[in-house]
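1. my questions concern the predicted model and sequence given below.
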Amino acid sequence: MDFRELMTVRRAVRDYQDREVPMALIREIIKDGCEAPSGGNMQPWSFIVVTNRDAIKRLSDESKKNILMAIEKNPEFSFTKYKPILEMPEFNVFYNAPCVVYITGHKDIRSLASDCALAASYFMLSAADRSLGTCWIDLGSVIRDKEVRAEIGLSDDHVIGATLALGYPTAVPARPPRNEPVILKVVS
Ligand SMILES: Cc1cc2nc3c(=O)[nH]c(=O)nc-3n(C[C@H](O)[C@H](O)[C@H](O)COP(=O)(O)O)c2cc1C
């Protein structure tokens, strides 16, 4: 697959086959994620891989609970539009993917958000190149409970920079339309 085709094939996948992703393959995709550029080449990312279905459900429930609490406190919160779906007990924010990968790093790294997003991009493209589906899941990224954080090895000084569902897609969705690029000005 050439790069142009790969960019089209990579889609946010929200329906996964009931099929595990081998850990060796997950490691290879993570390795590709680490080819991403990072500020000062600090490579501040570390990865948490969750393949235990019960743990994934706990993470989904924990994040849903925290987002719903935040919506309750501030109805202007941008996630408010997701309230009806978040209130559905059977809704799993990870769409029942067999694997969830958190890209995390130390909270004090200045470029952490950009670095993790870049690693996530490389990860998603690498997965697509291997016929795997991914979806960045902000709705699964609000993990506060001490026990849940301990279970996934997320220490107090680490924050989640990117949350990715990973698995074999049931189908690759159509490409959602893109806006024309806005080039504000060409200064030549
Ligand atoms: C920062 C970020 C957060 C996202 N969070 C969610 C999410 O919580 N749930 C979800 O279903 N999709 C989420 N997405 C996926 C986007 O909705 C998706 O990328 C977008 O609709 C474009 O579709 P495409 O990835 O197939 O091009 C997120 C994407 C990004 C980049």
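-> Here it is on my side, so go on. For clarity, every value in this text was computed on a predicted model and none was experimentally measured. Numbers count the residues shown, from 1 in each chain.
2. contacts, neighbours, all on C-alpha from now
-> Will do.
3. elements contacting the top strand by length along the chain?
-> Using DSSP state E to define each element, the chain has its longest strand at strand 158-167. Counting contacts by 3 or more Cα pairs under 8 Å, 6 or more residues apart in numbering; DSSP states H and E, strand 158-167 packs against strand 99-106, helix 112-129, strand 133-136.
4. now the second one: buried residues?
-> By 16 or more other Cα atoms under 10 Å, the buried positions in helix 112-129 come out as 112-113, 115-129.
5. show me what from the protein comes close to the ligand.
-> 11-12, 135-139, 175-176 (Cα under 6 Å from any ligand atom).
6. ok, which pair from those is furthest apart?
-> Spatial extent of these (Cα to Cα) is set by the pair L139 and R175 at 21.3 Å.
7. just how off-centre is the helix ranked longest in the chain within its chain?
-> Longest helix in the chain, counting residues (DSSP state H): helix 53-73. Offset of helix 53-73 from its chain centre (Cα atoms, centre = their mean, to the nearest Å): 15 Å.
8. what residues are up against R19?
-> The contact partners of R19, by Cα atoms under 8 Å, 6 or more residues apart in numbering, come to 98, 167-168.
9. how about a cut-off of 10 Å?
-> Residues in contact with R19 (Cα atoms under 10 Å, 6 or more residues apart in numbering) are 97-99, 167-169.
10. which pair of these spans the longest distance?
-> For those, the farthest-apart pair by Cα to Cα is C99 and P169; their separation is 12.1 Å.
11. hey, what's in contact with both of the two?
-> Counting by Cα under 10 Å, 6+ apart, the residues touching both C99 and P169 are 19, 134.
12. neighbour count winner among these two?
-> Comparing C99 with P169 by other Cα atoms under 10 Å, the one with more neighbours is C99, at 24 against 21.
13. number of nearby residues for the nearest residue to that one once chain neighbours are set aside?
-> Of all residues not flanking C99 in the chain, T51 sits nearest, at 4.6 Å (Cα to Cα, 6 or more residues apart in numbering). Neighbour count of T51, defined by other Cα under 10 Å: 18.
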